[in-house]
Every structure is written in C-alpha cells, then in structure tokens.
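# Let's see this in three dimensions:
(2 chains)
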Amino acid sequence: GQSLEQPSEVTAVEGAIVQINCTYQTSGFYGLSWYQQHDGGAPTFLSYNGLDGLEEKGRFSSFLSRSKGYSYLLLKELQMKDSASYLCAVNSNDYKLSFGAGTTVTVRA
Amino acid sequence: IAGITQAPTSQILAAGRRMTLRCTQDMRHNAMYWYRQDLGLGLRLIHYSNTAGTTGKGEVPDGYSVSRANTDDFPLTLASAVPSQTSVYFCASSDSPGGRNEQFFGPGTRLTVL
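You can find the predicted model right below:
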C-alpha cells in the first residue's frame, strides 16, 4: 500500500518562499508528482521527479530523495494566485497515482 | 470539446437510486481514471482503465462500476447510491499509464446522496 504525509496548511506573504514537504512509504515506487488545485477546481499537473535531485520550472521547483522517501515543492516569489492546495502523488509501477491529502497554501498581502 | 468533460456538474440524489457519471476526453489518451475527493482525505482512486476494453479496481471500488467501450468515454455507475458516496468525483486521463503519468483532470461532479 501507499502512505503519504504532508502538512495540512502553510501561510506566507507575497514575495516569500514556501517549501511544502511530502514524505511517503510505498511499494513499487516509480516517481513522485505534484499537482495544484484551486478551491473548487480540478487538480493540474506541476512537476514530476523520477530520479533524485532538483527539478526547476520557473518559480516552482521540486526535489526528490528516494532513499529517504522524501520530496518537497518549493514556491518562490509567492503571488496571490498561488493560494491553492498542493497535492503530492506517488507514481507506482502498477500505473497508478496515490495522492496525499494536500497542503493548503494561503498567501497574504 | 477540448480536454475532459464531465456531466452532470452537480447532482442531488436519493439514496437507493442508480446514477451514472459521464466522462469524455478528446485527447485520445489510453488511460482513464475515476477519483473521489473528500475533505481531509485527498483524492482516492475508485477505478481505472489503462486502455479501451480493460478496467481495474482502485483503492475504493465498492459500490461503483465502470466500463470502457471506447477510448473517449469512461462512465462511472453507482448501482444503488448511499449517503457515504456524497463526494466530489473527478475523472482524469493520461497518454501513458506508466512513466511520469501526467494526468489531466475534468472539472468534477459534485454529488450529494440524501
């Protein structure tokens, strides 16, 4: 089975940097993805890490350590529109995604 | 159609009634998925299909059934709805069931069972 843990909420001010951690225990690990979900909306894909290390995509970066069962999503230069829920998801080798409960990020002016 | 559509947008249903949630994608993706999302529990996989003609059970399949007669459509049926099936249901698709498996989600169906 899969088990993912992430903090329930984080608050930060505009322009700041926020790190959202995700720890996981899983069998058949293939990679880890991050999704963004605005209130009432559908999740949208942000990033994927299949190997250890940092993947950078504009203001968003994601890091993976497979040996530690740990990932984080880094949001830089926070903007009001970044207020959303961020979901980590384990890609397993049986072709499924298992999602964490999500971290709600609130950006304050 | 662009992407994934779901119908209805929302529905209030009496317990014991049968209900089919519709999902259609126009991206010719092989894999499709149904999730439910409940407060504090995140997205949980109900059923999935890696290619037309095949389906599989996810984490919470009881009380639900699916079919995949063609590439584009993946309906989810509640044979006899119960209040615990009150949830937001998301359909998703991906062009490959393996690898990074980037999934594209529909707008969701908000279902209330009374």
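# Now the nearest residue to residue A:93 once chain neighbours are set aside: phi and psi?
In space, and not counting its chain neighbours, residue A:93 is closest to residue A:28: 4.2 Å by CB to CB, 6 or more residues apart in numbering or on different chains. Quick note: C-beta positions are derived from backbone N, CA and C, even for glycine. Residue A:28 adopts backbone torsions of phi 70, psi 40, taken as degrees, to the nearest 10.
# Pretty sure residue B:34 sits against residue B:67.
No. Counting by CB atoms under 8 Å, residue B:34 stays clear of residue B:67, with 11.4 Å between them.
# Name the residue in those two with the higher neighbour count.
More neighbours surround residue B:34 than the other of residue B:34 and residue B:67, with 27 against 15 (other CB atoms under 10 Å in any protein chain shown).
# from memory residue A:87 sits against residue A:42, does it?
No. Here residue A:87 lies out of contact with residue A:42, judged by CB under 8 Å, at a distance of 11.4 Å.
# So for these two, which sits in the more crowded spot?
residue A:87 (26 against 21).
# element containing that one?
strand A:84-92 (DSSP states H and E).
# next helix or strand past that strand?
Reading on from strand A:84-92 to the C-terminus, the next helix or strand found by DSSP H and E is strand A:97-99.
# Tell me the strands beside that next one, with direction?
Strand pairing for strand A:97-99, using DSSP bridges, gives strand A:84-92 (antiparallel).
# If you drop the residues flanking it in sequence, what lies closest to residue B:11?
Nearest residue to residue B:11 in three dimensions, chain neighbours excluded: residue B:111, at 5.3 Å (CB to CB, 6+ apart).
# gap between that neighbour and residue B:34?
12 Å (CB to CB, to the nearest Å).
# joint contacts of those two?
Shared contacts of residue B:111 and residue B:34 (CB atoms under 8 Å, 6 or more residues apart in numbering or on different chains): B:21, B:89.
# So the most centrally placed residue in chain B, which state does it fall into?
Most central in chain B under CA atoms, centre = their mean is residue B:34, positioned 2.8 Å from the mean C-alpha point. Secondary structure, DSSP: H, G, I helix; E, B strand; the rest coil: residue B:34 is strand.
# overlap in contacts of residue B:34 and residue B:67?
Common neighbours of residue B:34 and residue B:67, counting by CB under 8 Å, 6+ apart, are residue B:74.
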